[in-house]
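Novice: The sequence and its predicted three-dimensional model are supplied below.
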Amino acid sequence: MEALAIPAWLIWVVLAVALVLVDLTLLGTQFILVATGLAALLAGGAAALGFGLTGQTWTFVLATAVLVPLMIRLFRTRLARRETAPRDPGWERGARVTVVAQGERLVAKLQGDTYPVLLTDGSQPRQGETLIVDHMQGITLIAYRPAED
């Protein structure tokens, strides 16, 4: 019985699909394995053109060396968040908050969460008042009243 030989280009295509699927499903938007998957497709093309194992391997290595930095630069700059996140310093600066009562204390509501609030001038906030956040100290918002126009 003759052994079933799998063509080299097919192995590269299967590897490319596996790398892309792993990257997109498990790693999110890293795009490193997507670039490696594209390099595997190029190596599969080299195999289909008749290159030997050495030529296929060099095609894969060189394509990976070119495509990984290219994909990182291309996609990370386009998909990078422009806004700040709660863990970034200063993410709350300039945000308008509303003072609400939570039990017996007054807190400020910011992006769906409530935080203790202090005013920069040392006065007490009033319920329903709108304030502007200056900065945070720990979990406490330090805010000021907007200028009256």
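Specialist: Right, received. Where do you want to start?
Novice: so where's this protein shaky on pLDDT?
Specialist: For the chain, applying pLDDT under 70 flags the ranges 1-4, 27-30, 76, 78-92, 149.
Novice: so what are the domain limits for the protein?
Specialist: Domains of the chain are assigned by automatic domain parsing as 8-79, 96-144.
Novice: any idea which of those is most buried?
Specialist: Sort the domains of the chain by mean neighbour count, taking mean count of other CB atoms under 10 Å, and domain 8-79 sits at the top with a mean of 16. Every C-beta, even on glycine, is put in place using the N, C-alpha and C of the backbone.
Novice: Check the offset of that one from the chain's centre.
Specialist: 21 Å (CA atoms, centre = their mean, to the nearest Å).
Novice: Same question for stretch 101-114.
Specialist: Distance, centroid of stretch 101-114 to centroid of chain: 29 Å (CA atoms, centre = their mean).
Novice: does Asp134 sit in a helix or strand, and which one?
Specialist: Using DSSP states H and E, Asp134 sits in strand 130-137.
Novice: Counting by contacts, list what the longest helix belonging to the chain packs against.
Specialist: If you go by DSSP state H, the chain has its longest helix at helix 53-79. Under the contact definition 3 or more CB pairs under 8 Å, 6 or more residues apart in numbering; DSSP states H and E, helix 53-79 sits against helix 8-26, helix 32-48.
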